[in-house]
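Novice: Fold the following.
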Amino acid sequence: MAPTVFPAAKETTVTLSVGSDRRGFTLIELSLVVLLIGVSLAVVLPNINRGLQDREIRKSALGLAAVARDLRSKAVTAGVPQQLVLNLLQSSYIAGRRREAVHLPGEVRFASVQGGESIDRDTKKFYFFPNGSSLGGEIVLADGEKSIFYSIRLEALTGRIAVAPGHPS
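Specialist: Numbers count the residues shown, from 1 in each chain. Here you go, the predicted structure:
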């Protein structure tokens, strides 16, 4: 029986070495690539900025919640009520017996504060008691444009402190 010869095996294939094609890119191809990069940047950059703002507000809310938890823990441990004083006008707070205020960073502001004890129009005080309870309330932080919110809820009876993103309730 004679061996089978495939027709493609009889043809010679010529391959060019890499880089021997001198054609390059056309102006239209380069323009399309630049246009796609521009559109991508227009979509991505605002989201990056919003993500950075969200991170700053979230970090501030988690920091304030940690301070409140620490005050609650100190009240239970020491058997002495502790207080958290918020200065709404200066966007700052004083925790416990400290004298210096902690200022919220950059564009972070108190959007609303419910509960607690009003000292004056711009100052609120929250107490944490030795039995683990607190006055209760909600502290809402927002960016300067009030487009990003994080709320810190202080449960009155249980003393539970929770942070949640979203609009104030």
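
Novice: mind pulling up the phi and psi values for the closest residue to P130 other than its chain neighbours?
Specialist: Residue nearest to P130 in three dimensions, not counting chain neighbours: G79, with 4.6 Å by CB to CB, 6 or more residues apart in numbering. Using the backbone N, CA and C atoms, a C-beta is placed for each residue, glycine as well. Main-chain dihedrals, G79, degrees, to the nearest 10: phi 70, psi 20.

Novice: What of F129?
Specialist: phi -100, psi 160.

Novice: neighbours around the residue nearest to P130, how many?
Specialist: A count of nearby residues for G79, using other CB atoms under 10 Å, gives 10.

Novice: Just give the nearest non-adjacent residue to Y150, would you?
Specialist: Nearest one to Y150, counting by CB to CB, 6+ apart, is A61 at 3.7 Å.

Novice: re earlier: pLDDT wise, what is the residue nearest to P130 at?
Specialist: You'll see G79 listed with a pLDDT of 93.

Novice: The most centrally placed residue in the chain: helix or strand, and which one exactly?
Specialist: Centroid-nearest residue in the chain, with CA atoms, centre = their mean: R55, separated by 2.3 Å. Here R55 is covered by helix 27-78, with elements defined by DSSP states H and E.

Novice: ok, then the element right after that helix?
Specialist: According to DSSP H and E, the helix or strand after helix 27-78 is strand 82-87.
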